[in-house]
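Peer 1: my questions concern the predicted model and sequence given below.
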Amino acid sequence: MKKKVYDTAVIGAGASGIMAAVTAARLGAEVVLLEHMEQAAKKLLATGNGKCNYTNTDQAIGNYYCEEPAFVRTVLEQFPYTETIRFFEELGIRPVQKNGTCIYPESEQAASVKSALLSETERLQIPLLLSVGIRRIHKLYNQKIGGSIERQLFQIETKGDTIYSRTCILATGGKAAKKTGSDGSGYLYARQLGHTLIQPFPALTALLADLKKWKLPAGVRIGCTAALYVDGVQRACETGELQITESGISGIVVFQFSRTAAKALAENRQVHVCLDFKPNMPQPELAAYLLERFLSIYHSAKRVDEGMVGFLPDKLIPVVRKRAGISGQMRCGQCTMPQAERLAAVLKAYQVDITGTKGFDSAQATAGGVSVQEIDAVRMESKKIPGLYFAGEIVDVDAKCGGYHLQWAWSSGAAAGRAAASAAQTGHAGKKAGTGRKGVYIG
């Protein structure tokens, strides 16, 4: 029996893969969607702490990281955040704007977004094949199917079957959060097809710290400003919530520059973070306030630790006091201006030496991936293998927290799906046909 040939095979049923499949199918392409996990869009459920911050109205290019910022801009302009909002509204997901510019579903459930996407694949009758273990992807040329010649085909070998398609979209994700399906397998396929990889490293992840001398108290959450230094030079500065863990520091402020820290650590450079626990108070003002507080009739008889209750999280107080060189037995009324200045200096610049990251398993995103220099930004098509397209995290593009990774998934997926459908249907895929097996009947 003759083997079925699809217009487009999308490998990876995450956010970008589903968007690519839906876009191609809406344009009339016959699409098959392959996923190696037991369920589709598993990683999507964890986004926005389960609430799914699916885009952001602030699309400044500085929110994205890429060796060629113009590449990202070109992709985003083809499917901007306004199109994302419209797309999901059509599927029943009403937008709610929170935290300034972040867009969430009205239900505040990532499951709603996943359900809407999968319902659309069902409406478009896109076959979704789950638990598909792909062994290899071949590019074939001039294959004879019945009485006609297919100029190019992608042969996708799985554990139990072989699937053929005129175009192929790799939307396999990166290496972050392996349990959700991002295991780096897409990099293997990209390499097999001749693509260059920019070394992947964790992004949006916690950082490990040297806590031997100054042990920060695990479990503390505090608003602060955190500045990242690489070889003594400030590389980033963020304000938000810090979370102190048993092994280091985490939270939004850390996530935002963790990819820069990870890259620097991979290059064996010195990395530290300087924490300002009172970013709204200049250091002289802070010192004066502390002294006035300590010398007041309400605190003067108390020990210094007791005198700071309500000003800092309880667990953090003795750590800061010790680092400032102040005895735990000293009474507030004994405090001098030089001692208040030392406390203020520690509160404004608490240095944490960084030794590593929590790694890919704890990361929310991957930096690195398929080089954008080998991809056409308008079509998301490989410059090396005509008919091969990329979407989502497999590409060397990452971003800050705030819905930017998902917007990249929607935009790149839409661009790839649109281009793949057009190429498959017009016969333009594979114009640069190279060597390959010829005249092979399929089936």
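Peer 2: Here it is on my side, so go on.
Peer 1: which residues does the most centrally placed residue in the chain contact?
Peer 2: For the chain, the residue nearest the mean C-alpha position is residue 365 (3.1 Å; C-alpha atoms, centre = their mean). Applying C-beta atoms under 8 Å, 6 or more residues apart in numbering to residue 365 gives the contacts 174, 176, 202, 203, 204, 259, 393, 398, 399, 405. (Each C-beta comes from the backbone N, C-alpha and C, glycine too.)
Peer 1: secondary structure and neighbour count added to those, as TSV?
Peer 2: As requested, those are exported to TSV (DSSP: H, G, I helix; E, B strand; the rest coil; neighbours: other C-beta atoms under 10 Å):
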residue	secondary structure	neighbour count
174	coil	28
176	coil	28
202	strand	31
203	strand	31
204	coil	23
259	helix	25
393	helix	32
398	strand	25
399	strand	24
405	helix	27
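Peer 1: just put these in CSV and tack on pLDDT.
Peer 2: Below are the contacts of residue 365 laid out as CSV (pLDDT from 0 to 100):
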residue, pLDDT
174, 97
176, 95
202, 96
203, 97
204, 96
259, 95
393, 98
398, 97
399, 97
405, 98
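Peer 1: nearest to residue 270 among the residues you listed?
Peer 2: Using C-beta to C-beta, residue 259 comes nearest to residue 270 of the contacts of residue 365, at 17.4 Å.
Peer 1: the residue nearest to the closest one when sequence neighbours are not counted bridge partners, please.
Peer 2: Once flanking residues are discounted, residue 259 sits nearest to residue 203: 3.6 Å by C-beta to C-beta, 6 or more residues apart in numbering. Beta-bridge partners recorded for residue 203 (DSSP bridges): residue 365.
Peer 1: does residue 203 really touch residue 367, like I thought?
Peer 2: Yes: look at residue 203 against residue 367 with C-beta atoms under 8 Å: they come within range, at 4.3 Å.
Peer 1: spit out the residues that contact the two alike.
Peer 2: By C-beta under 8 Å, 6+ apart, the residues touching both residue 203 and residue 367 are 65, 259, 262, 398.
Peer 1: and the helices in the protein?
Peer 2: Taking DSSP state H as the criterion, the chain carries its helices at 15-26, 69-78, 81-90, 110-123, 185-192, 252-266, 283-295, 304-307, 316-323, 337-348, 404-426.
Peer 1: so can I have a markdown table of those showing distance to residue 222?
Peer 2: Shown next, in a markdown table, are the helices of the chain (distance: least, C-beta to C-beta, whole Å):
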| stretch | distance to residue 222 |
| --- | --- |
| helix 15-26 | 32 |
| helix 69-78 | 33 |
| helix 81-90 | 32 |
| helix 110-123 | 27 |
| helix 185-192 | 38 |
| helix 252-266 | 10 |
| helix 283-295 | 15 |
| helix 304-307 | 17 |
| helix 316-323 | 7 |
| helix 337-348 | 11 |
| helix 404-426 | 25 |
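Peer 1: right, so of those helices, which gets closest to residue 140?
Peer 2: Closest among the helices of the chain, using C-beta to C-beta: helix 185-192, at 13.6 Å.
Peer 1: who touches the closest one?
Peer 2: 11-12, 36, 134, 136-137, 170-175, 197, 200, 369-370, 390, 394.
Peer 1: and those, which are buried?
Peer 2: When the contacts of helix 185-192 are checked for burial by 16 or more other C-beta atoms under 10 Å, the buried set is 11-12, 36, 134, 137, 170-175, 197, 200, 369-370, 390, 394.
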